[in-house]
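Colleague: Just need the structure, nothing else, for what follows:
(6 chains, ligands or ions: 3)
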Amino acid sequence: MKKFITMGLLAAAIFGGAARVQAEDACCPAEKGAKAESHISIAKGFQKLGRETGIYRFFNPQTKEEKADAYRAALIKTVEAETSAGHFHGAMNQIHKAHGVEQALLDQLTLQVEEAEAAGYVPPASLPPGLGQFAMILVGLGLIFLAIKKGFEPLLLLPIGFGAILTNIPMAGISAGPMPGQPAGFLYYFYTVGVESGVFPLLIFMGVGAMTDFGPLLANPKTALLGAAAQFGIFIALLGAMAMGGLFSIEDAAAIGIIGGADGPTAIFLASRLSPNLLGAIAVAAYSYMALVPIIQPPIMRALTTKEERGIVMKQLRHVTKTEKIVFPLLVLVLCLLLLPSATPLIGMLMLGNLMKESTVVDRLSDTAQNALINIVTIMLGLAVGSKLAADKFLNVQTLGILALGLGAFVIGTAAGLLLAKLMNKMSKDQINPLIGSAGVSAVPMAARVSNKVGLEANPQNFLLMHAMGPNVAGVIGSAVAAGVLLALVG
Amino acid sequence: MKKFITMGLLAAAIFGGAARVQAEDACCPAEKGAKAESHISIAKGFQKLGRETGIYRFFNPQTKEEKADAYRAALIKTVEAETSAGHFHGAMNQIHKAHGVEQALLDQLTLQVEEAEAAGYVPPASLPPGLGQFAMILVGLGLIFLAIKKGFEPLLLLPIGFGAILTNIPMAGISAGPMPGQPAGFLYYFYTVGVESGVFPLLIFMGVGAMTDFGPLLANPKTALLGAAAQFGIFIALLGAMAMGGLFSIEDAAAIGIIGGADGPTAIFLASRLSPNLLGAIAVAAYSYMALVPIIQPPIMRALTTKEERGIVMKQLRHVTKTEKIVFPLLVLVLCLLLLPSATPLIGMLMLGNLMKESTVVDRLSDTAQNALINIVTIMLGLAVGSKLAADKFLNVQTLGILALGLGAFVIGTAAGLLLAKLMNKMSKDQINPLIGSAGVSAVPMAARVSNKVGLEANPQNFLLMHAMGPNVAGVIGSAVAAGVLLALVG
Amino acid sequence: MKKFITMGLLAAAIFGGAARVQAEDACCPAEKGAKAESHISIAKGFQKLGRETGIYRFFNPQTKEEKADAYRAALIKTVEAETSAGHFHGAMNQIHKAHGVEQALLDQLTLQVEEAEAAGYVPPASLPPGLGQFAMILVGLGLIFLAIKKGFEPLLLLPIGFGAILTNIPMAGISAGPMPGQPAGFLYYFYTVGVESGVFPLLIFMGVGAMTDFGPLLANPKTALLGAAAQFGIFIALLGAMAMGGLFSIEDAAAIGIIGGADGPTAIFLASRLSPNLLGAIAVAAYSYMALVPIIQPPIMRALTTKEERGIVMKQLRHVTKTEKIVFPLLVLVLCLLLLPSATPLIGMLMLGNLMKESTVVDRLSDTAQNALINIVTIMLGLAVGSKLAADKFLNVQTLGILALGLGAFVIGTAAGLLLAKLMNKMSKDQINPLIGSAGVSAVPMAARVSNKVGLEANPQNFLLMHAMGPNVAGVIGSAVAAGVLLALVG
Amino acid sequence: MELLMQGATLMVIGMATVFAFLVLLIVAMNSSAGFFKKFAHLFPEEAPAAKKAPAAADPSAEIAVALAAIRAKRG
Amino acid sequence: MELLMQGATLMVIGMATVFAFLVLLIVAMNSSAGFFKKFAHLFPEEAPAAKKAPAAADPSAEIAVALAAIRAKRG
Amino acid sequence: MELLMQGATLMVIGMATVFAFLVLLIVAMNSSAGFFKKFAHLFPEEAPAAKKAPAAADPSAEIAVALAAIRAKRG
Ligand code: NA
Ligand code: NA
Ligand code: NA
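Modeller: Ligands and ions are numbered 1, 2, ... in the order given. Sure thing, here's the model as predicted:
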């Protein structure tokens, strides 16, 4: 009796699927699968392993038929297990679910390819799937090389590169969604649980807040304007993306622009909300350019300032009291909730971290936020971001656009900060060294160090580091505000 | 063809919704939404931002219509995305789900308001929604002030206060549940994953166990009776809540009573199971009164004891061997599983932590349980508890009741402990200083320190701290047992 | 009106359930439940508590009827709550779900028992459910005793033993799945979120990678062969399991074999995918035998080698450069992705940890992976594994088989390693002490220490530790590869 | 062209908001500085640090004192 | 009134259970103390601490010894 | 019997794969050792450690220098 029901369910499964896929495929895989499992000969076993090696799959990527077969085999296995356990209802549910949502995923795959082909559009850099994975593994290795050998933001780029490799391993399905009766790949969980929900970037931002000293900004509030000016790069890049003849939607353009914010968690948070497909490329661009700040900024700084300006020694910063520092994070949060609620997740977590640090009453929480917690989340976030570096989403002309626009955003942000600093220097009674303007792009604390270094070249007695920290931390707030505006208007 | 299906689905979505909400609303928002998105002029953009500022929304809270519009817009966007990707089945699912469970949430909202109005009952302290949020933000700031400036249990009250602010920011939806095709606010995840499941309070309890030394209790077992007597406050508060003319259900009353246990994780665990709506108020009351123990207890202690009694010097505690300390957590667990299985999640995790500490073979686990893990969980638990401090659940007469009953529970628990200690002093051959009775309410280690301090006032040679730690830690077990009874009979 | 709908829904709930269970049961529990709740007299309250004590339930385990009643009561409560809140659709959903998937669970329970009885098969060691729980609690206490008093891998066996106790507490449902409208037990979440998904063992493996030095293997690459030979135990145990007359399926056999890999995370990862029912027994066997390596291996080592061979002093290892150590993890990963993608989750995470360590550019991540993160995950993984130690899955003849096969796997793996080392010693120009062959089973670093100790016995100048670390770490890679093959062919 | 217009609109609104926010923050910081300068006597510099001690959950110091006292009495 | 009765019932049962549990715990603690006093010779005070060393997963000490020996031999 | 055959098949394939993998790894390790021996001049032993310093996100050293300089100038 039970056997009979099982067979009926299987028949339903097979024919239900068949109606959507292809008629001649539908009757065989069950038998094939059954045979394959009951007699694994040595030769067939090696053949199976051989067909699952990466080296074979780089040149013979999984076809749509193979994917559908794998899917159907998983389904049949689950349905059989359910049925033999007396879960007839559960088995029915599996079949229903499988032919609904999940089958739709396969259909979508098919459709997307067909549409793209029908549209006659082949992205210039596109590779066949298998070679695309191979190329992305090289990209991952490249990111790891940059992280280790060149010191490019290794805390993020090493895990991102590693995640890119893991994701692109053929047949391993490390970032694949769940199949019927089987768990998803583990990077799929990292991404959905941590990035899609926004939790990982926000926890990182809390840790950043706990490591940030807003004292230099409080000592010289007007340098906050420089942190505003440097966000100009964000919007120019957005405009550039919109100008690229339909290559990017408005959501994409907003997510790309935020690279100019020079702030990793903000970029990841916004991209995960507005343009998840581009998340990988955006994060890679953001962190790479942040690592390149010491190379990108100095020529612009020298071009836009005179040697005299660069030599300006600024007035020493006043002492900031403990109470001011405690009140500051609450002040920013209140301002933000009054004016721009959409920015409060980012600003709120940044300020929570800072309040934990400055209040000194919860030092153990602040220490953990700066160490164990941020480190754990960084590893998982890096891997999850890397899991979005699939070949079809990275090896295309969009990524070239993103890289170009991101560089433009950094350059323009730097220039905007410098120019406003020049202007402020002319209008203010206390002298302002224009070099601190470039620190407004954030990239904490790299950009502030660059200001200091370029300043020392012009005048060996000119220590700008603390002065540049003001615009530097203001730039973090500035780009979170920009992200809030984009979320409110585009999201 | 696809366009046609999309439109059909949208029509279904709209009319399906329309049948439930209002006919004249149903035809327009799609068009409005579409127009709004295709031409954002500068003026309209600022207008949109302006309508989403906190300051505007405090006075013009989101109406039911706006919520329904937002909901419908999200739905339409998702359905369009699904349809244009070929997910016709997925689109159907979205609509089905949306008009089922989710639409029901909106309906419920409407119903609740209408019922309350029909019942003619307006809670005395209720404010219009927007001002309610404003007031709750002030409450959050107040909790942070108490945590930082007054040192009120800052480890919990600072994150709770911050969570209260984040939750009540208009339009930000930081604790809101998921919308179709959109993730929930991040505090929603903290609450459902960590508090609803019971995982966070249990992990905290494990850390507390790893920090607790049961040696003083083992050295003088009979002081455990004081930890039992002090739980009397729990049940008097429960009785009081039941007496308040239907203001509280029996589940609410049990959750309120547990405030008298003076034990944060136990209170949060029980309240999350019996009365999630009151969780915020109960946690705030519990931690606040624990912070106030040095103010609440001394007058009661002085009133119920003579100066001679307070000056009693107790016999020095015997040495407790390592083996006894290792066996103790297993003893408690076995006793608990034999007699009261419903208390084993709490008692079990407390004893796991203690076993890890005392066994000394897993020091690295014990260290992590006491540091990184408990700190991470404390941050997230505090924020999650704060996320339950919504205006309509906090700014009402129930909260006043909870505050009054909680205070009563602390006072009565203190008195009951003291009185039993007086009695035991009269009946026991070794003298017992009645002051250690008040430590039975737990509030570890604050209550034991208060006993020590009041004892020193009466006799400068009278060091009660270690003697008071016995009832103090017994009180933790006692309130977990009380929670188990309440879970078994009321839950 | 609402009352009417509620009653209708309840009627539907009851009769819907009735059609599946038993007609005479169906009409009463609602009334009984209602009565019981509205008048808890003191006597009845104590009676209820008494019937929920562990001591009562050991002898009177929950019957199918009681489970069904509890289930139905939870359902009715939820449906009432939904209805009274206006969630008619939600209420309908609850009923539908309850009579579908969840009811099926109860049916399955019934079926399994009936089938087993019909088959006339009573596992020799099976106990009535209540006493089975009692016995498993003793097993848990035994594991804790071994962990603390005998130092048996306490980091895992202490939490596993504690998890076993918690899981088997009657009525507490600490590892039970969700009931309608109620959360699951907290160990259920640990298991599904951490073990079923594969995330916990993989994170542990990352930490192990960050603690492992592959230098000795790089200095003497050919010792990797010993790490291959020692995996022979895995496949012999697999063969043995297949030979046991249908006691184990092929999936079970593969999961049992991996015990011979002497590597905890690999065993847990593979067992969670191939044979979750045996996971508890497999993990306990794997960690126990790893702890027993100093007892199991020396006799075999002495039996298979001559005193002269044991006294062989090996050539000092060459210096390995930093760059080689950095490149090594990437080399292994690339080899693995080219040849055996199914092993890449395990190998990948091991190598990520090692890369983080050797690169030295992300020391803070590497430190956290080796400390806070691995400790947190170890606690949760241990408890989750313990949650699979249910009486019906552990107290049976299968467990005896697993213990026997696991021991055999260790013995044969040790012997295979030794014999290949003897052979290599004869064929190689540089002398190889055969004792380092036994270290190929992994059990890092215990097996390498055993090699060192036995070597010192034969020749007090013979320090084999570093030489044995080569096969030791190669054995970790070897068993991950074996796991990959099994996943690809059996999974 | 319309896309460009949208981008430009976003730029104007975005930069205006960013500047507005940071200008208001400057005002707030200056007010805060003024306030705490004026009422400096109410906020002694080390107050919060002093408050911290009683809040710390470490009873070891007190226990040490107590034990020392006990030993002193015994010895 | 009925609500109050329910509350009172819970109070009686609850306090009785709490006291019963802690009284039994006192009995158990006293028995445990008696047992370990009587069989103190079986549980030497430092035993578990001594057991800990071999369980620790840190081979560095042994490696250091081995390396020192190797160097000694070489040098 | 068929089950045993399956087991034996798995054993042959499994052990062959394990050995093949580790033999290839040996080849790779030897090649890597050869490569880095030949091009040792391109990979100075301390290079990565030296690279690490600028990557570290700790500005405290520089800040300390800057503060010292400022104080020197003031004082
Ligand atoms: Na920025
Ligand atoms: Na208590
Ligand atoms: Na192994």
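Colleague: What's the separation between A:Val397 and A:Ile234?
Modeller: From A:Val397 over to A:Ile234 the distance is 22 Å, taken as Cβ to Cβ, to the nearest Å. Any C-beta I mention is one placed from the backbone N, CA and C, and that applies to glycine too.
Colleague: Which pLDDT value goes with the residue in the stretch 1-150 of chain A positioned nearest to chain F?
Modeller: The stretch 1-150 of chain A approaches chain F most closely through A:Gly45 (4.4 Å), counting by Cβ to the nearest Cβ. Per-residue pLDDT puts A:Gly45 at 83.
Colleague: circling back to that earlier point, just want to know which of A:Val397 and A:Ile234 has more residues nearby.
Modeller: Shown here are A:Val397 and A:Ile234; by other Cβ atoms under 10 Å in any protein chain shown, A:Ile234 has more neighbours (32 against 13).
Colleague: element containing the more buried one, please.
Modeller: Here A:Ile234 sits within helix A:232-243, counting by DSSP states H and E.
Colleague: then that helix to PDB, C-alphas only?
Modeller: Output of helix A:232-243 as PDB, limited to C-alpha atoms (Å, rounded to 0.1, in the frame of the first residue of the first chain):
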ATOM      1  CA  PHE A 232      30.400  65.100  -3.600                       C
ATOM      2  CA  GLY A 233      32.200  62.200  -5.100                       C
ATOM      3  CA  ILE A 234      29.300  59.900  -4.200                       C
ATOM      4  CA  PHE A 235      26.800  61.900  -6.300                       C
ATOM      5  CA  ILE A 236      29.100  62.600  -9.200                       C
ATOM      6  CA  ALA A 237      29.600  58.800  -9.500                       C
ATOM      7  CA  LEU A 238      25.900  58.300  -9.300                       C
ATOM      8  CA  LEU A 239      25.400  60.800 -12.100                       C
ATOM      9  CA  GLY A 240      28.100  59.100 -14.100                       C
ATOM     10  CA  ALA A 241      26.400  55.700 -13.600                       C
ATOM     11  CA  MET A 242      23.100  57.200 -14.800                       C
ATOM     12  CA  ALA A 243      24.800  58.600 -17.800                       C
END
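Colleague: For D:Met29, give me its contacts.
Modeller: A:Leu217, A:Leu218, A:Pro221, A:Ala224, A:Phe328, A:Leu331 (Cβ atoms under 8 Å, 6 or more residues apart in numbering or on different chains).
Colleague: roughly how far apart are A:Gly246 and chain D?
Modeller: As judged by Cβ to the nearest Cβ, to the nearest Å, A:Gly246 and chain D stand 8 Å apart.
Colleague: Around that residue, how many other residues sit close by?
Modeller: 7.
Colleague: Find the nearest non-adjacent residue to it, please.
Modeller: D:Leu3 (7.6 Å; Cβ to Cβ, 6 or more residues apart in numbering or on different chains).
Colleague: isn't the one you found right up against A:Met244?
Modeller: No: between D:Leu3 and A:Met244 there is no contact under Cβ atoms under 8 Å: 9.2 Å.
Colleague: Where does the closest residue to ligand 3 within the stretch 1-150 of chain A fall, secondary structure wise?
Modeller: The minimum distance from the stretch 1-150 of chain A to ligand 3, using Cβ to the ion, falls at A:Leu49 (19.9 Å). If you go by DSSP H and E, A:Leu49 is part of helix A:42-51.
Colleague: to the chain's geometric centre, what's the distance from that helix?
Modeller: Distance of helix A:42-51 from the chain centroid (Cα atoms, centre = their mean, to the nearest Å) equals 38 Å.
Colleague: Can you name the next helix or strand after that helix?
Modeller: helix A:54-59.
Colleague: check whether that following helix contacts chain F.
Modeller: No: figure legend: helix A:54-59 not in contact with chain F (Cβ under 8 Å from any Cβ of the partner chain); closest approach 11.6 Å.
Colleague: quick one: average pLDDT of that helix?
Modeller: Averaged across helix A:54-59, the pLDDT comes to 81.
Colleague: Run the chain-centre distance for that helix.
Modeller: 28 Å.
Colleague: likewise stretch A:401-410?
Modeller: Relative to the centre of its chain, stretch A:401-410 is centred 16 Å away, using Cα atoms, centre = their mean.
Colleague: residue ranges with poor pLDDT in the chain?
Modeller: Using chain A here. For chain A, residues meeting the criterion pLDDT under 70 lie at A:1-40, A:81-127, A:180.
Colleague: other chain: chain D
Modeller: For chain D, applying pLDDT under 70 flags the ranges D:1, D:45-75.
Colleague: still on that earlier bit, what packs against the helix holding A:Ile234?
Modeller: If contacts are counted by 3 or more Cβ pairs under 8 Å, 6 or more residues apart in numbering or on different chains; DSSP states H and E, helix A:232-243 sits against helix A:250-257, helix A:397-427, helix A:465-490, helix D:2-38.
Colleague: let's go with 6 Å and repeat that
Modeller: Applying 3 or more Cβ pairs under 6 Å, 6 or more residues apart in numbering or on different chains; DSSP states H and E, one finds that helix A:232-243 contacts helix A:250-257, helix A:397-427, helix D:2-38.
Colleague: Could you dump those into a markdown table with distance to B:Ile295 added?
Modeller: Listed next are these as a markdown table, based on distance: least, Cβ to Cβ, whole Å:
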| stretch | distance to B:Ile295 |
| --- | --- |
| helix A:250-257 | 53 |
| helix A:397-427 | 52 |
| helix D:2-38 | 29 |
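Colleague: of all the ones you listed, which lies closest to C:Ala480?
Modeller: For the helices and strands packed on helix A:232-243, the distance to C:Ala480 is smallest for helix A:397-427, at 33.5 Å, taking Cβ to Cβ.
Colleague: Buried residues in the next helix or strand after the closest one, which are they?
Modeller: For helix A:397-427, the following helix or strand on the C-terminal side (DSSP H and E) is helix A:446-458. Under the neighbour-count criterion of 16 or more other Cβ atoms under 10 Å in any protein chain shown, helix A:446-458 has A:Met446, A:Ala447, A:Ala448, A:Arg449, A:Val450, A:Ser451, A:Asn452, A:Lys453, A:Val454, A:Gly455, A:Leu456, A:Ala458 buried.
Colleague: Can you report how many residues lie near the residue lying closest to A:Gly475 once chain neighbours are set aside?
Modeller: Of all residues not flanking A:Gly475 in the chain, A:Ser442 sits nearest, at 3.6 Å (Cβ to Cβ, 6+ apart). For A:Ser442, the neighbour count with other Cβ under 10 Å is 31.
Colleague: how close does A:Ser442 sit to chain F?
Modeller: For A:Ser442 relative to chain F (Cβ to the nearest Cβ), the value is 13 Å.
Colleague: likewise A:Arg449?
Modeller: Distance from A:Arg449 to chain F, counting by Cβ to the nearest Cβ: 7 Å.
Colleague: how far off helix F:2-38 does the helix holding A:Leu49 point, in degrees?
Modeller: Orientation note: helix A:42-51 sits at an angle of 40 degrees relative to helix F:2-38 (axes from the mean of the first three to the mean of the last three Cα atoms, to 10 degrees).
Colleague: Who are the contact partners of whichever residue of chain D sits closest to ligand 1?
Modeller: The nearest approach of chain D to ligand 1 comes at D:Val18, 9.8 Å away (Cβ to the ion). By Cβ atoms under 6 Å, 6 or more residues apart in numbering or on different chains, the contact set of D:Val18 is A:Ala228, A:Gln231, A:Gly478, A:Val481, A:Ala482.
Colleague: tell me the contacts of the first one?
Modeller: It stands for A:Ala228. Counting by Cβ under 6 Å, 6+ apart, A:Ala228 touches A:Gly478, D:Val18, D:Phe19, D:Leu22.
Colleague: and what of the second one?
Modeller: Taking Cβ under 6 Å, 6+ apart as the definition of contact, the neighbours of A:Gln231 are A:Gly478, A:Ser479, A:Ala482, D:Val18.
Colleague: now with 10 Å?
Modeller: For A:Gln231, the contact set (Cβ atoms under 10 Å, 6 or more residues apart in numbering or on different chains) comprises A:257-258, A:260-262, A:409, A:413, A:416-417, A:440-442, A:474-475, A:477-483, A:485, D:14-15, D:17-19, D:22.
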